[in-house]
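Participant: okay, sequence plus prediction incoming.
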Amino acid sequence: MCESNVYFRENDVEKLIMENVAAITPAGKDIFVLKGLLGERMEVTGIIEDINLMGHKIILKAL
C-alpha cells in the first residue's frame, strides 16, 4: 500500500491529524485537501515540511 500518515509539527511536537492518506491536493495558498483511502476528506492549512515516502509519513508545519 502507498498510504501515509499526516502530522502537524508545532514547537517540535508532532500530532497525527489523519491516517491512511492516499492523496494530497493543493486547494489554495497553504491549504491542502487530504483524501483518505476510504474516501474521507479533510482540509488543512499549513506548509509541507517533510515527505518521507519510505516511512509513509508527511509532516505539515502549522501556521
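Facilitator: Nice, thanks for sending it over.
Participant: host element of the residue lying closest to residue 36 once chain neighbours are set aside?
Facilitator: Nearest residue to residue 36 in three dimensions, chain neighbours excluded: residue 20, at 5.5 Å (CB to CB, 6 or more residues apart in numbering). From N, CA and C alone the C-beta is placed, and that goes for glycine too. Assessed by DSSP states H and E, residue 20 sits inside strand 13-28.
Participant: ditto for residue 38
Facilitator: With DSSP H and E as the criterion, residue 38 is inside neither a helix nor a strand.
Participant: how far away is it from residue 3?
Facilitator: Residue 38 sits 10 Å away from residue 3, taking CB to CB, to the nearest Å as the criterion.
Participant: between those two, what contacts are shared?
Facilitator: residue 20 (CB atoms under 8 Å, 6 or more residues apart in numbering).
Participant: more neighbours: those two, which one.
Facilitator: residue 3 (14 against 7; other CB atoms under 10 Å).
Participant: was I right about the more buried one contacting residue 23?
Facilitator: No: counting by CB atoms under 8 Å, residue 3 sits too far from residue 23 to count as a contact (9.4 Å).
Participant: low-scoring stretches of the chain, by residue?
Facilitator: 1 (pLDDT under 70).
Participant: same thing but 90
Facilitator: Along the chain, the model assigns pLDDT under 90 to residues 1-3, 12, 62-63.
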